[in-house]
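> what follows is a predicted protein model with its sequence.
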Amino acid sequence: MTRASLDKQPHEVATMFDDVAAKYDLTNDVLSLGQTRLWRRAVARSVAARPGERVLDLAAGTGTSSLPFVDDGAFTVPCDFSQGMLAEGKRRHAWMPFVAGDATRLPFADDSFDAVTLSFGLRNVQDTDAALAELYRVTKPRGRVLICEFSHPTWAPFRTVYTGYLMRALPPVARAVSSSPDAYVYLAESIRDWPDQPALAARLQDAGWVRVAWRNLTGGIVALHRGFKPA
């Protein structure tokens, strides 16, 4: 089985996601105790896509995360760099315009989208700041970005319990439901290694985004960061 390391070499990460594509959505539902569906709804409400808008859903995987924006009437482009994820997405949703793309070198023109969103994928990119700059480049003036990512629980006792779950309970559960359990060891490590909420907000601001704010979900297990591109 393929497992990426925390230096996040792009070919290793892509191959790892190729290996888990078929059962990825099911595995995430099991490991999160069903919370992924609540998080997706929160993302859709925060993006607030409108009919006629153009939305880029980066790290879209199989396209599950893109469906709420489509339902809201927006022209939605699911983009991912895992060929396995894209193939599975096309098998399920052949009508969706899936695009292969690297978050640090997006295949889109400047000022192309009204909203850009990235759920549970930014921490897997080797160069976080380059990805945030690329998202900024392809967003229209006055457009918005929404980053949904695992973060740091705000209550210290819960944070201790949560970290223990990630490193001890998650791997055996992954072995029971995933086609590539070693990948989830990496995912647990990448969550533990990820910056906290204020640190990610600062990086968004450094990339040029303004009015940056975040909202915690599930006690800070996940955080939604939002920003806007100046006019």
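Structure received.
> quick one: which helix or strand includes the residue lying farthest from the centre of the chain?
For the chain, the residue at maximal distance from the C-alpha centroid (Cα atoms, centre = their mean) is Pro157, at 26.4 Å. Assessed by DSSP states H and E, Pro157 sits inside helix 156-164.
> got the buried residues for that helix?
Tyr162 (16 or more other Cβ atoms under 10 Å). Yep, even glycine has a C-beta here, placed from its N, CA and C like the rest.
> give me the phi and psi for Glu189.
phi -60, psi -40 (degrees, to the nearest 10).
> count of neighbours near it?
Counted by other Cβ atoms under 10 Å, the residues lying close to Glu189 total 16.
> and the pLDDT at it?
If you check Glu189, the pLDDT there is 81.
> how about the one 3 residues further on?
At Arg192, the model reports a pLDDT of 83.
> so the helix or strand hosting it versus helix 156-164, what angle?
Here Arg192 sits within helix 181-193, counting by DSSP H and E. Inter-element angle recorded for helix 181-193 and helix 156-164: 150 degrees (by axes from the mean of the first three to the mean of the last three Cα atoms, to 10 degrees).
> which neighbouring elements make contact with helix 181-193?
Secondary-structure packing of helix 181-193 (3 or more Cβ pairs under 8 Å, 6 or more residues apart in numbering; DSSP states H and E): helix 10-20, helix 170-177.
> how about 10 Å then?
helix 10-20, helix 24-31, strand 139-150, helix 156-164, helix 170-177 (3 or more Cβ pairs under 10 Å, 6 or more residues apart in numbering; DSSP states H and E).
> next, the angle from that helix to strand 139-150.
Orientation check (the same axes, to 10 degrees): helix 181-193 against strand 139-150 gives 110 degrees.
> contacting residues for Phe113?
By Cβ atoms under 10 Å, 6 or more residues apart in numbering, Phe113 lies in contact with 53-58, 74-77, 106, 135, 138-140, 143-145.
> state the distance from it to Val145.
Here Phe113 is placed at a distance of 10 Å from Val145 (Cβ to Cβ, to the nearest Å).
> now do the shared contacts for those two.
Leu56, Leu58, Leu135, Thr139.
> inside strands: which ones of those residues?
Taking DSSP state E as the definition of strands, the shared contacts of Phe113 and Val145 contribute Leu56, Leu58, Thr139.
> show the pLDDT at the residue farthest from the centre of the chain.
83.
> quick one: secondary structure of Arg40?
Per DSSP: H, G, I helix; E, B strand; the rest coil, the local secondary structure of Arg40 is helix.
> likewise the one 4 residues further on?
Three-state secondary structure (criterion: three-state DSSP) places Ala44 in helix.
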